[in-house]
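Student: need coordinates for the following:
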Amino acid sequence: MIDNCMKAIEGEQFFIAVNVASGRKSFEKTCGKNAYVRELLRLVIDIKSNYHWEVLNRVAQLSQAPIDERYRNPNDVAIAVYIWVLGLVKLEVAELASVFALSAKNCWWARNFALHILQDKKNHFKVLGSTEKMKLGEGDKGKQDARCKQSRVFLQAQYSSINTWEVTSLRSKTFVSKPPRYSRKAEQVGMAWQVKQ
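Tutor: The predicted structure follows:
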């Protein structure tokens with residue numbers, strides 16, 4: 001099952017379809033609409049499956065594969081997608097994959113995503129349209145408020161009276177940045193970080 005997803009993601013048709021994106025956000029949007037990427041995300045997000053290690057192994061293989069250095073790396077898009085998917089689910093594994101990706105030659109997308117993961121150390125979660133509340137202790141209020149103000153994503157964080165945060169998207173189908181400490185919670189939720197629209 002995961003082999004079929006990887007084969008499609010590493011294929012020429014997917015490379016052409018995704019490679020026309022003009023920036024990281026449009027790349028993520030295009031990938032998020034692809035059925036194979038969504039299926040890969042569904043498989044990787046299952047904690048018991050350990051598919052994230054298979055994806056990491058595949059990133060290592062593709063990064064070290066020999067290429068003709070006169071041309072762009074044919075595995076560039078696939079490596080970037082794998083890093084993005086791992087970043088949605090397991091930030092620690094995505095950081096390892098990013099290190100491998102930086103060793104790959106003639107990559108633009110993979111390098112872009114790898115540097116984003118390694119520099120920001122934040123996780124990106126796809127907004128699916130439902131609500132998820134995070135319980136925070138009394139001491140975490142100021143920290144969370146500061147994080148929300150510094151976020152690059154268009155969000156409003158509203159503090160409710162019962163010590164929970166509710167993150168509300170200002171537009172539909174955006175990508176939400178959250179600190180890595182919430183990545184385990186995202187795995188427990190199921191498909192991805194779920195935010196009220």
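Student: is Ala21 in contact with Lys33, as I believe?
Tutor: No: the pair Ala21 / Lys33 is not scored as a contact, 11.4 Å apart, by Cβ atoms under 8 Å. No exception for glycine: its C-beta is placed from N, CA and C like everyone else's.
Student: these two: which is more packed in?
Tutor: Using other Cβ atoms under 10 Å, the more surrounded residue of Ala21 and Lys33 is Ala21, with 16 against 11.
Student: wasn't the more buried one part of a strand?
Tutor: No: counting by DSSP: H, G, I helix; E, B strand; the rest coil, Ala21 is not found in a strand; it is coil.
Student: so what's it up against?
Tutor: Residues in contact with Ala21 (Cβ atoms under 8 Å, 6 or more residues apart in numbering) are 27, 29-30.
Student: one more time with 6 Å
Tutor: By Cβ atoms under 6 Å, 6 or more residues apart in numbering, Ala21 lies in contact with 27, 30.
Student: for Ala78, same thing?
Tutor: Ala78 neighbours (Cβ under 6 Å, 6+ apart): 9-10.
Student: quickly find the element holding it.
Tutor: If you go by DSSP states H and E, Ala78 is part of helix 76-89.
Student: element containing Phe14?
Tutor: For Phe14, the element it lies in under DSSP H and E is helix 12-19.
Student: what sits up against that helix?
Tutor: Helix 12-19 has contacts (Cβ under 6 Å, 6+ apart) with 8, 30, 77.
Student: hmm, try it at 7 Å
Tutor: Helix 12-19 is touched from outside by 8, 27, 30-31, 77, with contacts defined as Cβ atoms under 7 Å, 6 or more residues apart in numbering.
Student: that one vs helix 76-89, what angle?
Tutor: On the basis of axes from the mean of the first three to the mean of the last three Cα atoms, to 10 degrees, helix 12-19 is oriented at 70 degrees to helix 76-89.
Student: that older thread, helices or strands up against the next helix or strand after the helix holding Ala78?
Tutor: Moving toward the C-terminus from helix 76-89, the next helix or strand (DSSP H and E) is helix 91-103. Helices and strands touching helix 91-103, by 3 or more Cβ pairs under 7 Å, 6 or more residues apart in numbering; DSSP states H and E, are helix 51-64, helix 76-89, helix 109-120.
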